[in-house]
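**Student:** Any chance you could fold what I've pasted below:
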Amino acid sequence: MNSRRAWIVFAVGVFAYMAAVLQRSTLGVAGVSAAERFDTSAALLSSLAVLQLVVYAGLQIPIGLLIDRVGPKLLICTGSAVMAAGQLVLAFAPDIGTAIAGRILVGAGDAAVFISLIRLINSWFAGRTVPLLSQWTGNIGAIGQVLSALPFAWVLHNAGWTPAFSAAAALSFVAFVLGVVLLADRPSEAAEPPRAASVRDALRGLGLTLRRPGTQLGFWAHYTTQASGTVFALFWGFPFMVSALGFDQAKASLFLVVIVVSGLIAGPILGVLTARFPLRRSNLVLSIVALLGVVWTAVLLWPGVPPTWLILLLVISLGIGGPGSLIGFDFARSFNPIRSLGSANGVVNVGGFSASFVTMFLIGLLLDAQFSSGISPALYDLDAFRRAFAVQYLVVGFGVVMFLRARRRTRRQLEEDEGISVGPIWVVLSTAWKRRGA
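**Tutor:** Numbering: from 1, shown residues only. I've put the predicted structure just below:
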């Protein structure tokens, strides 16, 4: 545990995840180019990203079960290879149908990488290092978004569609080769965790995982914190900034990079707080959701075009939501045995991406509906975006209600099983203040 070999395994795994984030987010800066290349509507264009996320979310639980049975190395290597193939299909796609097929492959490959890496971390590291590395995984992986916003965007706008997506595919192929050579499922001295004897046993174990309140708490934590940033960074943020706010493409790309930088700064802080105050992780989640709600409200209600400083504040807040969503995996780790951690992480990871593809598709539908009905004079009009983005309140608001319900059940079970009672945060703060005064 925590050996030199462990750090090599982590470095290769996180490189594969960084490459996966690059493949996932390339369409975010290619949305305008895709609209020109395939000449299609906003709703159909959003299906490029939505279907990718649907496949990603739909495969999380099956991938989690596979991790528990065949190990994370095979899945990271296979996922990297499938993503490289998907990006090559998209690179040479002559029509929207072929492009969608390519993005489906990208989503399928992407689905295997992250939760496999989380499992590797839990197999190779121990102690407080685990939640810290989980946060660093998100932070380093987010560099892939920087690669899509800067070098990929530069190649796209200067060399064209096919060279840009081919170059992106090459990075995942490198990850595939490194994974085959250097990854291992666990330290050589570590005993292999027990595996389900049959598919029926695996499904029975999945049922137990799903019923654990801590798993559900992780699902809704991921759901509420990730969706807004994913929708903005992966697809609708770039058209919003370029077409509705009037940013040039270089400035819009830079603002997407700010999301990553914000996450890089916030991630280690959230990792330390998560490790130091494990009984107050839910308050971190709710604080992040509240921050996002306040900033989005200011942007959507601002009279006229929102000022640049407010958009900067928005992307900073969205960046905090990314590492905030990783708290969901710490809930899964705390309330599930290692033998079922793969499936538990798969369940959690469904949360944010299911909220993301629902929100992403609804925004596309609302933009099309306003334009076709004459409410909006242009497809990507500022007021049309305001009304379409407001759908986030419904999607995330539902998640907050479910998160609070899951937290109540988790705290009840914690008290019954371990005798640990977690009171409301305001009671704890009030008591601490009185003691300090005394």
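**Student:** ok, now how distant is the residue positioned nearest the centre of the chain from residue 377?
**Tutor:** Residue closest to the mean C-alpha point of the chain, counted by C-alpha atoms, centre = their mean, is residue 226 at 5.7 Å. The gap separating residue 226 from residue 377 is 33 Å, by C-beta to C-beta, to the nearest Å. Where you see a C-beta, it was placed from the backbone N, CA and C, and this is true even at glycine.
**Student:** Repeat that for residue 275.
**Tutor:** Residue 275 is 52 Å from residue 377, by C-beta to C-beta.
**Student:** State which helix of this structure is the longest.
**Tutor:** What stands out as the longest helix in the chain, according to DSSP state H, is helix 4-38.
**Student:** Determine the set of other helices and strands touching the helix or strand that that one is followed by.
**Tutor:** On the C-terminal side of helix 4-38, the nearest following helix or strand under DSSP states H and E is helix 42-70. Contacts defined by 3 or more C-beta pairs under 8 Å, 6 or more residues apart in numbering; DSSP states H and E place helix 42-70 against helix 4-38, helix 72-91, helix 96-124, helix 199-211, helix 341-372.
**Student:** Please spell out which residues along the first one are buried.
**Tutor:** Think helix 4-38. Across helix 4-38, burial judged by 16 or more other C-beta atoms under 10 Å covers 6, 9-10, 12-35, 37-38.
**Student:** any weak-confidence spans in the stretch 51-200 of the chain?
**Tutor:** 190-199 (pLDDT under 70).
**Student:** ok, residue 275 and residue 377, which is more surrounded?
**Tutor:** residue 275 (18 against 10; other C-beta atoms under 10 Å).
**Student:** Tell me how far the more buried one lies from residue 281.
**Tutor:** Residue 275 is 10 Å from residue 281, by C-beta to C-beta.
**Student:** Also residue 23?
**Tutor:** From residue 23 to residue 281 the distance is 30 Å (C-beta to C-beta).
**Student:** Repeat that for residue 145.
**Tutor:** From residue 145 to residue 281 the distance is 25 Å (C-beta to C-beta).
**Student:** who has more neighbours, the two?
**Tutor:** Between residue 145 and residue 281, counted using other C-beta under 10 Å, residue 145 has the larger neighbour count: 27 against 22.
**Student:** I figured the more buried one was touching residue 260, is that so?
**Tutor:** Yes: with contacts counted by C-beta atoms under 8 Å, residue 145 reaches residue 260, the gap being 5.0 Å.
**Student:** my guess is residue 375 meets residue 384, correct?
**Tutor:** Yes: between residue 375 and residue 384 there is a contact under C-beta under 8 Å: 7.4 Å.
**Student:** okay, these two: which has more neighbours?
**Tutor:** It is residue 384, of residue 375 and residue 384, that has more neighbours when counted by other C-beta under 10 Å, with 24 against 13.
**Student:** in the helix or strand harbouring residue 257, what's buried?
**Tutor:** Here residue 257 sits within helix 249-276, counting by DSSP H and E. The neighbour-count check on helix 249-276 (16+ other C-beta under 10 Å) flags 249, 252-253, 255-260, 262-264, 266-267, 270-271, 273-275 as buried.
**Student:** export stretch 100-112 as CSV, just CAs?
**Tutor:** Below are the C-alpha coordinates for stretch 100-112, written out as CSV (Å, rounded to 0.1, in the frame of the first residue of the first chain):
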residue,chain,number,x,y,z
ILE,A,100,-23.7,9.7,-33.4
ALA,A,101,-22.3,6.2,-33.7
GLY,A,102,-18.8,7.5,-33.0
ARG,A,103,-20.0,9.3,-29.9
ILE,A,104,-21.8,6.2,-28.7
LEU,A,105,-18.4,4.4,-28.8
VAL,A,106,-16.8,7.2,-27.0
GLY,A,107,-19.4,7.0,-24.2
ALA,A,108,-19.0,3.2,-24.0
GLY,A,109,-15.2,3.5,-23.6
ASP,A,110,-15.4,6.4,-21.2
ALA,A,111,-17.8,4.5,-19.0
ALA,A,112,-15.1,2.0,-18.1
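**Student:** contacts for it?
**Tutor:** Residues outside stretch 100-112 that contact it (C-beta atoms under 8 Å, 6 or more residues apart in numbering) are 20, 23-24, 27, 47-49, 51-57, 59-60, 63, 75-76, 78-91, 93, 172.
**Student:** How about stretch 377-386?
**Tutor:** Under C-beta under 8 Å, 6+ apart, the answer for stretch 377-386 is 42, 236, 239-240, 243-245, 300, 305, 366-368, 370-371, 375-376.
**Student:** Give me the mean pLDDT for that stretch.
**Tutor:** Stretch 377-386 shows a mean pLDDT of 87.
**Student:** where's it relative to the chain centroid, distance-wise?
**Tutor:** 27 Å (C-alpha atoms, centre = their mean, to the nearest Å).
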